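Q: Provide a 3D model corresponding to the input given below.
(2 chains)
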Amino acid sequence: MEHGPAIIQILLIIAAAPLFGGLITKIKNIVRLRRGAPVLQPYWNFFKLLGKSDEVISQHASWLFKAAPYVVISSSAAALLLVPLFGGFAAAGGMGDIVAVLFILALGRFFMALAGMDAASAFGGMGSSREMFISSLAETAALVSFFALALNSGSTSFAAIAGDGVFRASSFTAGFALFLVAIAETSRIPVDNQETHLELTMVHEAMALEYSGRSLAIIEYASHIRQLVWFSLIAGIIFPLPPPSGCGAALAAASAAVFALKLLALAVIMAFTEISLAKMRLFRVADLLMFAFVAALASAVLAAGGY
Amino acid sequence: MKIEDILKELSTREGITPVSMDWNAPEEVHLEVRPEDFKKTCLFAHQKTGAPVSALFAEDAVAAQNRFFIRCVFASRLESKWLIVSAGLPCDAPEFDSLANDIFSAALFEREIGEMFGIKRREAFDSRRLRLHPEVWPEGFYPLRKDFKPPEKYGDTGKNYAFRRVEGDGVFEVPVGPVHAGIIAPGHFRFSAAGEPVVNLEIQLGFTHKGVEKLFEGKTAEAALAFSELVDGEAAFAHSLAFADAVEKIRGIKVPEAHQCARAILLEIERLYNHAADVGGMATDVGFSFPAACASVIKENLLALNEKLTGSRYLKNFNRIGGVLKFPPSVWETIDSGLEAAEKDFLALKEMLYGSVSFMDRVEETGILPHKTAVELGVSGPAARASGVAADLRADFSPLYKSAGFKPAKQEKGDVLARLNVRVSEFKESVRLIKKLTGMIKTGSDVKISAGEPRSGCALGYAEGWRGPVLYWVRIGQNALVERCKITDPSFNNWEGLAQAVPGNIIPDFPLCNKSFNLSYPGNDL
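A: As a prediction, this is how the structure comes out:
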């Protein structure tokens, strides 16, 4: 039963994933003087969609269209297994490292982009093409930040990185670069807009536009998990706290609370970022991600210098 | 050139002798020519006034005179007069020479005449229907003819609307609508795109064609006035004002100055709430949600002010033939405090938008409508003023606005920012005007209005609504009922302006371009 706590941790966090998105929406709505949807709304949406029996699938869609949601959610969940959350170590232990997370997420994205084109709707194709354009830039920035972190701890394993517990300028810069990447990866303003109904401007949503019912529920849930992967990563990097030594229920609860606080802080930062910016013109996104890349590079230089 | 001179030169230079010519009202001259002279006369009037076709429409006079009439309206801004060129066409095979090859602003009107009256245009470059989609509407049914009987069977005609096609490597079509994801009216947008940049955009509208002009027929002027407020809910007051203006001209009523002021105040308040909503809409469409929320607060406060003033949030049922109803007591304080709040909030909104780098980057250089295109298409209202066309009925035709020192907004660049700038400066100017007009009205005494006696005749009514000029050409018959009512909403020609402003931009910028025009579906579909 040595993996027991880790598995509980993972299940808990998967169950809590939609809460993070609901929280950001709630904060945004409060600032905009709106009552808005309840924080739990993503759950209600999920169960509503899950309960639908009349899923509409285009006649032109192939098996890929039906399989993609499962690949997408599996890849998100698998990536989560590799990320250390609040119990110190990642659920899958030393099976994968920081680079593996990136590529596991890329697998999900690859299938999502294929599925977007599969039904041959113009929107899906546009969404896939935009997603690939953005992610090709975002991945580079993410990768360089990861290497900067690896330089700090001397290993690409998460355990080493997160277990460091020392605040470094390079970690902070890498965390900042990853925050910009996370904006792109979680389709938030200024890169994408989750709240819009304008099909022509969508990136991530455009790929999922052909989906309905259970498949849509799965895809949306996968997005929530993916979002949490990114923000847990960043939380671990920019608020480095030494991992708990020893074990016990009280300690676990305390570290869970600390983890939740870190995420809450990130949710507030994310919400205010979204509120205070207009969405960028599509081709300007390259500038933003180039900036993220430069920040990542800077953090690598800092890390090499030992800061 | 002055209209008198135009008429003189028409016979001396062009050798066209009018069938008849009369001043229908001090500012409205009717010129009837023979059908074969129609095109030449319109071209001449177009050149000499320098104005696009303000309206071009037909009238079924088969019962009385065994003819169809076509009428073409030009505005002479120089001397604040309307020139209406008409021709009577034989009722058995009505046709006329197409104007659209020489005056593009006539193109859409001609297509409308073709489908509504079955009047043919010789040498027309676009013979497609406009609103009665070939997919569902069978051939040979012309709704605006008096002897029209609806087809027994709709739909499944087996025909398709012929879109302009762009072909080539990597060019693909993106069909959007008619059903959209938001709560908006239906319209079909056919993009041809090469990657993200749009090569061509064609807009198909008319999905909510309701036969509004037909529904006007047979109503009393009073009933029709109430009906005109339903044509376009966001511009209810402008439409009602334009219709009332036509009837007042027919009846020969002089509206007392106090009532003209009151009407101008309400027209400006309508502009205020819509401009505020538009500015917020532009922020929404680039995902800038905080200013958008602020704009909706301004709009809501102004709607509440409307309700306090007139009992209706959308200024309905307050305008009457001859004037307006009585304002509630302490109206001036209400207006003052309402305006003060709106002005303050709008200033804050403006600073937020213009101070945001991310927002300004989106609106600058986006969706440029060049001056020449705007002129040729006959684009009007704020969209035209943003492209350097300073036409504004308030400045050109209204002595009241002139005496209030009204200055129309004007921008040169024609991009989304220019259209935003026009709205912002019109908002400011409207606030100033309302203050000035309330000052003028306060000193005047309380005047009773008279709705006059029902009379037959025809006249052109107009008002500069917030989207641009709203024109109503109304004919009242011997039985005092409306015989024909032609509505020209600014959106009718402006939609084509949007279609021309988008190519060259990338697809995700379309919603922003669209919002910067913010055109009306009901005003176009009718």
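Q: Around chain A, which positions in the stretch 101-250 of chain B sit nearby?
A: Applying C-beta under 8 Å from any C-beta of the partner chain, we find that the stretch 101-250 of chain B lies next to chain A at B:172-176, B:180-182, B:196. C-beta: built from backbone N, CA, C; applies to glycine.
Q: redo that, cut-off 7 Å
A: B:172, B:174-176, B:181-182, B:196 (C-beta under 7 Å from any C-beta of the partner chain).
Q: For the stretch 151-300 of chain B, which segments count as strands?
A: B:171-176, B:188-194, B:198-204 (DSSP state E, counting those that start in this stretch).
Q: how about these in JSON lines, adding distance to B:Pro143, mean neighbour count and mean pLDDT?
A: Shown next, in JSON lines, are the strands of the stretch 151-300 of chain B (distance: least, C-beta to C-beta, whole Å; neighbours: other C-beta atoms under 10 Å in any protein chain shown; pLDDT from 0 to 100):
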{"stretch": "strand B:171-176", "distance to B:Pro143": "27", "mean neighbour count": "16", "mean pLDDT": "88"}
{"stretch": "strand B:188-194", "distance to B:Pro143": "21", "mean neighbour count": "19", "mean pLDDT": "91"}
{"stretch": "strand B:198-204", "distance to B:Pro143": "19", "mean neighbour count": "19", "mean pLDDT": "92"}
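Q: For B:Val53, which of those strands is the nearest?
A: strand B:198-204 (19.5 Å; C-beta to C-beta).
Q: And the contacts of that closest one?
A: Here strand B:198-204 makes contact (C-beta atoms under 7 Å, 6 or more residues apart in numbering or on different chains) with B:161, B:163-164, B:166, B:171, B:187-193, B:495, B:498-499, B:502-505, B:507.
Q: now with 8 Å?
A: B:133, B:161, B:163-164, B:166, B:171, B:178, B:187-193, B:495-496, B:498-499, B:502-507, B:510 (C-beta atoms under 8 Å, 6 or more residues apart in numbering or on different chains).
Q: and if you look at stretch A:134-144?
A: Counting by C-beta under 8 Å, 6+ apart, A:99, A:102, A:106, A:109, A:177-178, A:180-181, A:184-185, A:191, A:203, A:285-286, A:289-290, A:292-293, A:295-297, A:299-300 sit against stretch A:134-144.
Q: Up against chain B, what does the stretch 201-307 of chain A have?
A: A:201, A:274-284.
Q: just for the chain, where's the confidence low?
A: No chain specified, so I'll use chain A. Filtered on pLDDT under 70, chain A yields the residue ranges A:1-3, A:86-95, A:159, A:162-165, A:240-248.
Q: not quite, I wanted chain B
A: Ranges of chain B meeting pLDDT under 70: B:443-446.
Q: tell me which parts of the stretch 251-400 of chain B are close to chain A?
A: Close to chain A, as judged by C-beta under 8 Å from any C-beta, the stretch 251-400 of chain B has residues B:283, B:285-290, B:293, B:297, B:356, B:358-359, B:361-362, B:366.
Q: List the ones among those that fall in helices.
A: B:283, B:285, B:289-290, B:293, B:297, B:358-359, B:361-362 (DSSP state H).
Q: my guess is B:Pro143 meets B:Lys214, correct?
A: Yes - counting by C-beta atoms under 8 Å, B:Pro143 does reach B:Lys214; the two are 5.8 Å apart.
Q: Check the offset of stretch B:346-360 from the chain's centre.
A: 29 Å (C-alpha atoms, centre = their mean, to the nearest Å).
Q: now swap in stretch A:176-190 and tell me
A: That offset, for stretch A:176-190, works out to 9 Å (C-alpha atoms, centre = their mean).
Q: How many residues are close by B:Phe74?
A: Here the number of neighbours of B:Phe74 (other C-beta atoms under 10 Å in any protein chain shown) works out to 25.
Q: and if you look at B:Leu83?
A: 24.
Q: Pull the number of nearby residues for residue 106.
A: You didn't say which chain, so I picked chain A. Burial measure for A:Ala106: 14 neighbouring residues, criterion other C-beta under 10 Å.
Q: Not quite, go with chain B.
A: 26.
Q: Enumerate every residue touching it.
A: Residues near B:Ala106 by C-beta under 8 Å, 6+ apart: B:42, B:53, B:56, B:72, B:98-100.
Q: again, only using 6 Å
A: B:53, B:56, B:99-100 (C-beta atoms under 6 Å, 6 or more residues apart in numbering or on different chains).
Q: Need phi/psi at it.
A: phi -90, psi -10 (degrees, to the nearest 10).
Q: Chain B contacts on the stretch 1-150 of chain A?
A: A:32-33, A:122 (C-beta under 6 Å from any C-beta of the partner chain).
Q: Type out the PyMOL command that picks the buried ones from those residues.
A: In PyMOL syntax, the buried subset of the residues of the stretch 1-150 of chain A next to chain B is picked out as below (16 or more other C-beta atoms under 10 Å in any protein chain shown):
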select buried, chain A and resi 32+122
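Q: Please, which helix or strand holds residue 114?
A: Here I'm looking at chain A. Using DSSP states H and E, A:Leu114 sits in helix A:98-118.
Q: Actually, chain B is the one I wanted.
A: Per DSSP H and E: helix B:107-117 holds B:Gly114.
Q: list the helices and strands that helix packs on?
A: In terms of contacts (3 or more C-beta pairs under 6 Å, 6 or more residues apart in numbering or on different chains; DSSP states H and E), helix B:107-117 is packed against strand B:55-61.
Q: Identify each buried residue in the next helix or strand after the strand it packs on, please.
A: Per DSSP H and E, the first helix or strand lying C-terminal to strand B:55-61 is helix B:62-65. For helix B:62-65, a neighbour-count test (16+ other C-beta under 10 Å) marks B:Val62 as buried.
Q: The helix or strand following helix B:62-65 pairs with which strands, parallel or anti?
A: Moving toward the C-terminus from helix B:62-65, the first helix or strand encountered (DSSP H and E) is strand B:67-76. Applying DSSP bridges to the sheet, strand B:67-76 is found paired with strand B:55-61 (antiparallel), strand B:81-90 (antiparallel).
Q: Extract the C-alpha set from the shortest one and format it as CSV.
A: This file holds the C-alpha atoms of strand B:55-61, laid out as CSV (Å, rounded to 0.1, in the frame of the first residue of the first chain):
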residue,chain,number,x,y,z
ALA,B,55,-33.3,55.4,-51.9
LEU,B,56,-34.6,53.7,-55.1
PHE,B,57,-38.0,52.0,-55.0
ALA,B,58,-41.1,51.2,-57.0
GLU,B,59,-44.8,51.9,-56.4
ASP,B,60,-47.7,49.9,-57.7
ALA,B,61,-50.2,52.4,-59.3
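Q: circling back: which among the contacts of strand B:198-204 end up buried?
A: Buried, going by 16+ other C-beta under 10 Å: B:133, B:166, B:178, B:187-193, B:495-496, B:498-499, B:502-503, B:505-507, B:510, out of the contacts of strand B:198-204.
Q: the helices in the stretch 101-250 of chain A, which residues?
A: A:122-153, A:158-162, A:169-185, A:204-207, A:213-238, A:249-275 (DSSP state H, counting those that start in this stretch).
Q: my bad, should have said the stretch 101-250 of chain B
A: Using DSSP H, counting those that start in this stretch, helices in the stretch 101-250 of chain B cover B:107-117, B:212-216, B:221-228, B:236-251.
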